[in-house]
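Chemist: everything below, folded, please.
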Amino acid sequence: MLISSSSNERIKLARRVRDGRERDWIFVEGERLTRECLVSGLKMEMAFASVDASAEQEELLRELRCPVFRLPDTLLESLGDTISTQGIIVIAERPWASVERLLAVPHPLIVGLDRVQDPGNVGTIIRTAEAAGASGLLSFAGSADAFSPKTLRSAMGSAFRLPVMVDVAGAGALSMCRGRGMQCVAACGEGEVDYDGYDWRQPALLILGNEGRGVDSELARACDTRVRIPLRAPVESLNVAAAGAAILFEAARQRRQGR
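Modeler: This next block holds a predicted model:
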């Protein structure tokens, strides 16, 4: 079916999803993310594609389990979240993770994001967490949407697979994890333990903080341990995604050796 009007109700719905005003749906753009969405088994509500889709795109569209609407390139480009159209946009069901799924593995390692506000950082951390073997991620209230279009592009499919809970209260996350026998660890510049001196083989919640202010001071004090990454002067800090990668892959190294 061809849609040529920007006032079409389906186009209006897609814009609301793109802008974060429809919490039950996510805006997936481009062939790669659409394939990841398909492989991950997410429910797709509808798809939009160029009237001049490539042969590869046509093959992918035939695999989708939802209605496909054709748009002129100008309308598809105005609907997209990227500078130039990527040919395919899918509206899919937002993944909702449960506490049970996050804790379904022995010795869970969960990442907590305390007011991390850049979508690129959030997406990179989600991808890194999956790559390092973390069991899930808790996005505290005040962090960027873990399922916004920009975050999804940075996560490159990991947000479809890694259990992610959003809008979690920081204090509630500590209470929940402690109740399951986990240690709560904050990454802080003033931490008392080097990140590679901590025993990451035990069940743990690792909290990474805001790009400018770090982990909330009250939340950091409530944690069992605060770890730091030693830096050579004059460098004073690392990007939160880089710091998270260093710590998570140290945890992965210890856990491999521990086994």
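Chemist: do I have it right that residue 85 meets residue 77?
Modeler: Yes: between residue 85 and residue 77 there is a contact at 4.3 Å, judged by CB atoms under 8 Å. Quick note: C-beta positions are derived from backbone N, CA and C, even for glycine.
Chemist: neighbour count winner among the two?
Modeler: Under the neighbour definition other CB atoms under 10 Å, residue 85 and residue 77 were set side by side, and residue 85 has more, 21 against 15.
Chemist: wait, residue 99 touches residue 176, no?
Modeler: Yes: assessed by CB under 8 Å, residue 99 is found in contact with residue 176 at 6.6 Å.
Chemist: who has more neighbours out of these two?
Modeler: residue 176 (19 against 16).
Chemist: and the more buried one, how far is that from residue 98?
Modeler: 12 Å (CB to CB, to the nearest Å).
Chemist: flag the shaky bits of this structure, pLDDT-wise.
Modeler: Filtered on pLDDT under 70, the chain yields the residue ranges 259.
Chemist: quick one, strands of it?
Modeler: 25-29, 44-50, 68-71, 88-93, 109-114, 136-140, 164-168, 183-187, 193-194, 204-209, 225-228 (DSSP state E).
Chemist: just the CA coordinates of stretch 100-117, formatted as PDB?
Modeler: Provided in PDB are the C-alpha atoms of stretch 100-117 (Å, rounded to 0.1, in the frame of the first residue of the first chain):
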ATOM      1  CA  GLU A 100      13.600 -12.600  37.200                       C
ATOM      2  CA  ARG A 101      15.100 -12.400  33.700                       C
ATOM      3  CA  LEU A 102      18.000 -10.200  34.900                       C
ATOM      4  CA  LEU A 103      18.700 -12.600  37.700                       C
ATOM      5  CA  ALA A 104      18.200 -15.800  35.900                       C
ATOM      6  CA  VAL A 105      21.900 -16.600  35.600                       C
ATOM      7  CA  PRO A 106      24.300 -17.800  38.400                       C
ATOM      8  CA  HIS A 107      26.400 -14.900  39.800                       C
ATOM      9  CA  PRO A 108      24.700 -12.100  37.900                       C
ATOM     10  CA  LEU A 109      26.600  -9.000  36.900                       C
ATOM     11  CA  ILE A 110      24.200  -6.100  36.300                       C
ATOM     12  CA  VAL A 111      25.000  -2.600  35.100                       C
ATOM     13  CA  GLY A 112      23.200   0.400  36.600                       C
ATOM     14  CA  LEU A 113      23.100   3.700  34.800                       C
ATOM     15  CA  ASP A 114      22.700   6.700  37.100                       C
ATOM     16  CA  ARG A 115      21.500   9.700  35.000                       C
ATOM     17  CA  VAL A 116      23.600   8.900  32.000                       C
ATOM     18  CA  GLN A 117      22.100  11.400  29.600                       C
END
